[in-house]
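K.L.:
the following block contains a protein sequence and its predicted model.
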Amino acid sequence: MAKYTETIDLYDDAGKLLKSGVTLEKISPLVNPATKKLIDLTKRTIAVQLGKIESELKVGKVGKGQILGRELNLDIMGNKDAIIAKIKDMVDVEGGDTVVHEFSGGKLLLVEVPKARIDAAATYDAAITSVAAATTYSIIDQFNIDAFNGSMVKAAAWGGYPHTMDLEGALVSSVLTIPQNNEGLGYALRNIPVNHVVMMTNRNAMQGAALSSTLEQAGEFEMGAAIGPFERAQLLAYAYQGLNANNLVYDLVKANGATGTIGTVVQSLVERAIEDKVIMPGKKGGYFQFYDTKDPMLWNAYAAAGTMAATMVNCGAGRFAQAVSSTLLYFNDLLEHETGLPGCDYGRVMGVAVGFSFFSHSIYGGGGPGVFNGNHVVTRHAAGVAIPCVVAAAALDAGTQMFSPESTSKVYGDTYGKIDVFAKPIQEIAKGV
């Protein structure tokens, strides 16, 4: 029996109808098979930079440093098939249940760890630890490395760990950070940097927004923010902002992309909301026309979609990511002044935007938008609807960031970006309904 009676139509990143009449719960991270696969693979897949392990050991580079006199000249790529076979054999649980994808002639591997390892673990650590350990031992075993030099191989795979809390400088990596870096319960899937998502979706702004929204909203479910009536609120925001439900984001961008501004997107959104009977004129206060809504959750979803469209219009026009924080702020400020109704996430997106602009590029200037995530102390407060906009902005950026996606996250584009459920989540989630 359907949990919700209302339906949505799902459109792709080119404005093409994919599925119509989709009941709301079918896009839920708890229900949709593509989303469940995406989350499962996020926990179970580990990237191994086999080619880089060879080149860095050759010059004594491990972790974040270089140790002269400790160079190891190993023909890892010449022996890659044997090393991969050893990794598979050691990570296997029931024989043949480890999947290894090879990219760039085997220089990059994406290892899918058996589900049994995650099922038998308290956290997702089991994926990266098993692959890092197997990579270390496979190389040591293949080249008969002695006890003195074994530590160098270990450091190449594991980075600074355990001298550092995380695997600093490791050449075996997960898209997820370690649990100790999560800001609270349920933040793991929200603790994926914007630049990683940009590269995984090959700089497609709408696909990036969809992947980010999927991860963010799955995190909202995990942290207990989608229980009871709040479930519908999260699903609506996810549908309209992340999955282009009813083609709303696409239509708003198309109508304003050539000559529009943040202000004209506000106008277009309000016109569409009136047309769709989401809001209607209420009382008048002097010259000002207030609007009312019988469905604040649906209005919030429209506001989220409008925030996304305004980001694409503004940051797309300038090809700069830095404007995303002011877009998040002023689109919603204008929207509240235009309607008398709350902005996206009932004001929390505006709150996030103020701190975000300061931390990302103002007088503090700690880093560009691309290095932030939904777990960050500044950006965590919006319920899954701010970071997808940041991903869209960073995807449209033409090189203005100090930390570009290519410089921080290339390995994720070269591995995860080749798998459809990560690279084309809009289509895959639509297939799943």
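P.N.:
That came through fine. Note that the structure is a prediction, hence the values are computed from the model and not measured.

K.L.:
what are the buried residues along the helix or strand hosting Ile139?
P.N.:
Assigned by DSSP states H and E, Ile139 falls within helix 125-143. Neighbour counts using 16 or more other Cβ atoms under 10 Å place 125-140, 142-143 of helix 125-143 among the buried residues. C-beta: built from backbone N, CA, C; applies to glycine.

K.L.:
just the strands in the chain please.
P.N.:
Applying DSSP state E to the chain gives strands spanning 7-11, 17-23, 45-48, 61-62, 65-66, 99-103, 108-112, 172-173, 280-285, 288-292.

K.L.:
and of those, who's closest to Ala273?
P.N.:
Across the strands of the chain, Ala273 has its closest neighbour in strand 288-292 (8.1 Å, Cβ to Cβ).

K.L.:
so what strands line up beside that closest one?
P.N.:
Strand pairing for strand 288-292, determined by DSSP bridges: strand 280-285 (antiparallel).

K.L.:
and the strand it pairs with, how far out from the chain middle?
P.N.:
39 Å (Cα atoms, centre = their mean, to the nearest Å).

K.L.:
give me the contacts around it.
P.N.:
Applying Cβ atoms under 8 Å, 6 or more residues apart in numbering, the contact partners of strand 280-285 are Ile274, Gln289, Phe290, Tyr291, Asp292, Thr293, Gly340.

K.L.:
now stretch 142-161
P.N.:
48, 53, 56-57, 60, 62-64, 67, 70, 72, 74, 79, 82-83, 86, 132, 135-136, 139-140, 166-172.

K.L.:
if we go to 6 Å?
P.N.:
53, 57, 62-63, 70, 72, 74, 79, 82-83, 132, 135-136, 139-140, 167-172 (Cβ atoms under 6 Å, 6 or more residues apart in numbering).

K.L.:
how about stretch 102-119?
P.N.:
Under Cβ under 6 Å, 6+ apart, the answer for stretch 102-119 is 43-48, 50-51, 80, 91, 93, 97-101, 126-127, 130-131, 414-415.

K.L.:
ChimeraX command for the buried members of these?
P.N.:
Selection of buried members from those for ChimeraX, criterion 16+ other Cβ under 10 Å:
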select :43,44,45,46,47,48,50,51,80,91,98,100,126,127,130,131,414,415
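
K.L.:
burial check on Leu68, number of neighbours?
P.N.:
7 (other Cβ atoms under 10 Å).

K.L.:
show me what contacts it?
P.N.:
Going by Cβ under 6 Å, 6+ apart, Leu68 touches Gly60.

K.L.:
so how far is Asn149 from Ile192?
P.N.:
In this view, Ile192 and Asn149 are 35 Å apart by Cβ to Cβ, to the nearest Å.

K.L.:
which of the two has more neighbours?
P.N.:
Ile192 (27 against 16).

K.L.:
list phi and psi for that one.
P.N.:
Main-chain dihedrals, Ile192, degrees, to the nearest 10: phi -110, psi 120.

K.L.:
for the closest residue to Leu236 other than its chain neighbours, report the pLDDT, please.
P.N.:
Excluding the flanking residues, the one nearest Leu236 by Cβ to Cβ, 6 or more residues apart in numbering is Ala301, at 3.8 Å. Per-residue confidence (pLDDT) for Ala301: 98.
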